[in-house]
Every structure is written in C-alpha cells, then in structure tokens.
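*Asks:* Just the structure for this:
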Amino acid sequence: MPLVSTPEGPAGRPDGGPGSDTEREGGRDARREGAESLRAILGGRGGAIDASVPVVAFVLVWLLAGALGWWSPVGVAAAAAILAGIVVAVVRLVRGTRPRAVLFGLLGVAVAAIVALYTGRAEDFFLVQILSNVASALAWAVSIVVRWPLLGLVVGTALGQKTRWRRDPDLLRGYQRASWVWVAQYVVRVAVFLPLYQAEWVFALGAARVAFSPVLVALSVVLSWPALRSALPPDHPGIRHPRVPGPDPGGPTVDGPPTDG
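*Replies:* Here you go, the predicted structure:
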C-alpha cells in the first residue's frame, strides 16, 4: 500500500498538501465518488415499491371480499398477497436481484399472510412489519453504540473491504453518524404505523405502507451521504479507500490500489 508523501513545494508548503489545488480537486472527486457509491450500494425506493405490491393486493382483495360478502375475506386477501409476492419475486430474479434477497422478501410476505390467517384479523398482516421496524431501530442503534455501525458493515461488505473501514477513525465516525439516519427512519415508521394498527385501520395501514415507505427509504439513502461526509476531512480519499494507520510515522496510509513507481 502506498504511503502518502509530502515533498516540499513552493514557499515551504507540501505539494498536494492541505489547502492545495490537488487536494481540493481530489476531495471533490472523492465526494462525488462517495455519493455515487453509496447510492448504488443502498439502492433507492425501487425495492420498497416492489415490497408494496403484495400489500396493495392484500388490502384491495380484502376490501373487495368484504364488500361482496365472500367467505373469509382475510383468507382470500392473504392468498392474493402471497400470489403477488411470487410474481414480484420472479420479476426481481429476472432483473438480476440476488436470490437470497428475493427469498427473504417472499418469506416476509408469507409470514405476514400466515399471521393474519391465524388471527383472522386483517390488520395483523402489518404486525410483522411493525415488529420488524422496532427490532431494526434497536439493532441499528445498538450497532452505533458498540462502534459496529450497520451501515459500515453493509457498505464495507459490498465494496469488498470486510472490516478495514473500522481502522479508519474518520470513516468509522461517519458511518456512525449516517446510521442514525436509518434509526430515525425506523422510528418514524413505528410512530406512523403503530397508531393505525391499534385503531384497526387496515386501509390506512396499506395506504401509509405504499405511500410512506418508499419515500422514507429514498430519503434515508439521500441523507446518508451528507451525514457520513460531515465526519470526513477535506483530504479524505473517500469510502472506497479507507485511510488506515501505516508503519510510516511520517504520514498515514491510504488503503487503495498500488501505483506505478
């Protein structure tokens, strides 16, 4: 790994050192690269929209079955949700989504449908999601406190860094800050969905799930980068290149590709 060198430039200021044109340009490039990388890794509201399709199927079929006096509206709606989940799973596989992610998504729909079938209450279709949001908020918050922020684990794994980012104090602090954005997202979800669930407003739950969740996911993705960037110094090479302590006491080591010479 190359060491960051600081040869003396004009007027005694190191070439490429703090405040130089090279550093400022490199910092801008790193910020652009970081924002693009984070958006590409975290995705956007597309996944949330896909997850909304079974919800729409459940609520609409439940309303229709109730209006027409069908036997077991919850059972018919649960079957419709599972069928919609299977269709979405096939479409996601065709689009190249990882099979494991597709399987987890379909499993979530199936569990929600089974819970509603077991209790006979349509609002219980949303119970698994609410409990999942509570657990997610707690998990993300705990990960920040113990200095293993989940956002860092997700991004580091996607970039093939494993846990090298944790040896970069700036990146670690940045991932901690950005992870709070996701904690807030889950807290907002619970604050919106739980009162609707307690009031047994099935249509409102479905409408909030479809309209609210994709917006929250997209907003979290957008806000994660500014939160992370606020912890990085201007000369930081970006999230793709963790800056970790090196053997040379004269300067830091940048964990990046080797250079010629």
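*Asks:* from here on, contacts and neighbour counts on C-alpha atoms
*Replies:* Noted.
*Asks:* Please enumerate the helices of the stretch 1-150 of the chain.
*Replies:* Secondary structure of the stretch 1-150 of the chain (DSSP state H, counting those that start in this stretch): helices located at 21-42, 46-68, 73-94, 99-119, 127-145, 150-158.
*Asks:* Distance to residue 190, mean neighbour count and mean pLDDT for those helices - can I get that in CSV?
*Replies:* Formatted as CSV, the helices of the stretch 1-150 of the chain follow (distance: least, CA to CA, whole Å; neighbours: other CA atoms under 10 Å; pLDDT from 0 to 100):
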stretch, distance to residue 190, mean neighbour count, mean pLDDT
helix 21-42, 21, 16, 57
helix 46-68, 16, 19, 89
helix 73-94, 22, 20, 95
helix 99-119, 16, 17, 93
helix 127-145, 6, 17, 97
helix 150-158, 19, 20, 92
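*Asks:* Tabulate the ones you listed in JSON lines, adding columns for distance to residue 192.
*Replies:* Conversion of those to JSON lines gives the following (distance: least, CA to CA, whole Å):
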{"stretch": "helix 21-42", "distance to residue 192": "23"}
{"stretch": "helix 46-68", "distance to residue 192": "16"}
{"stretch": "helix 73-94", "distance to residue 192": "22"}
{"stretch": "helix 99-119", "distance to residue 192": "18"}
{"stretch": "helix 127-145", "distance to residue 192": "10"}
{"stretch": "helix 150-158", "distance to residue 192": "24"}
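*Asks:* Specify the stretch among the ones you listed that is closest to residue 240.
*Replies:* helix 21-42 (7.3 Å; CA to CA).
*Asks:* Can you tell me the centre-most residue of the protein?
*Replies:* If you average the C-alpha coordinates of the chain and look for the closest C-alpha using CA atoms, centre = their mean, you land on residue 42, 4.9 Å from that point.
*Asks:* looking at this, residue 241 is in a strand?
*Replies:* No: residue assignment for residue 241, taken from DSSP: H, G, I helix; E, B strand; the rest coil, gives coil, which places it outside any strand.
*Asks:* I'd say the residue nearest to the centre of the chain and residue 223 touch.
*Replies:* No: using CA atoms under 8 Å, residue 42 and residue 223 do not qualify as a contacting pair, with a distance of 11.6 Å.
*Asks:* just to revisit the earlier point, residue 238: which of the helices of the stretch 1-150 of the chain is closest?
*Replies:* Taking CA to CA as the measure, those were each checked against residue 238, and helix 21-42 came out nearest at 4.8 Å.
*Asks:* follow-up on the earlier one: how about the helices of the stretch 1-150 of the chain, which one is nearest residue 219?
*Replies:* So among the helices of the stretch 1-150 of the chain, helix 21-42 is nearest, using CA to CA, at 11.0 Å.
*Asks:* quick one: residue 92 and residue 102 touch, right?
*Replies:* Yes: the pair residue 92 and residue 102 passes the contact test of CA under 8 Å, sitting 6.9 Å apart.
*Asks:* Name the single longest helix found in the chain.
*Replies:* With DSSP state H applied, the helix covering the greatest number of residues in the chain is identified as helix 169-198.
*Asks:* and that one with helix 150-158, angle?
*Replies:* Angle between the axes of helix 169-198 and helix 150-158 is 120 degrees (criterion: axes from the mean of the first three to the mean of the last three CA atoms, to 10 degrees).
*Asks:* Helix 169-198 - contacts with which helices or strands?
*Replies:* For helix 169-198, the elements it packs on are helix 127-145, helix 150-158, helix 202-229, judged by 3 or more CA pairs under 8 Å, 6 or more residues apart in numbering; DSSP states H and E.
*Asks:* With distance to residue 71 as extra columns, can I get these in a markdown table?
*Replies:* Below are these laid out as a markdown table (distance: least, CA to CA, whole Å):
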| stretch | distance to residue 71 |
| --- | --- |
| helix 127-145 | 23 |
| helix 150-158 | 45 |
| helix 202-229 | 18 |
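*Asks:* Those helices: which one's closest to residue 111?
*Replies:* When these are ranked by proximity to residue 111 (CA to CA), helix 127-145 comes first, at 7.6 Å.
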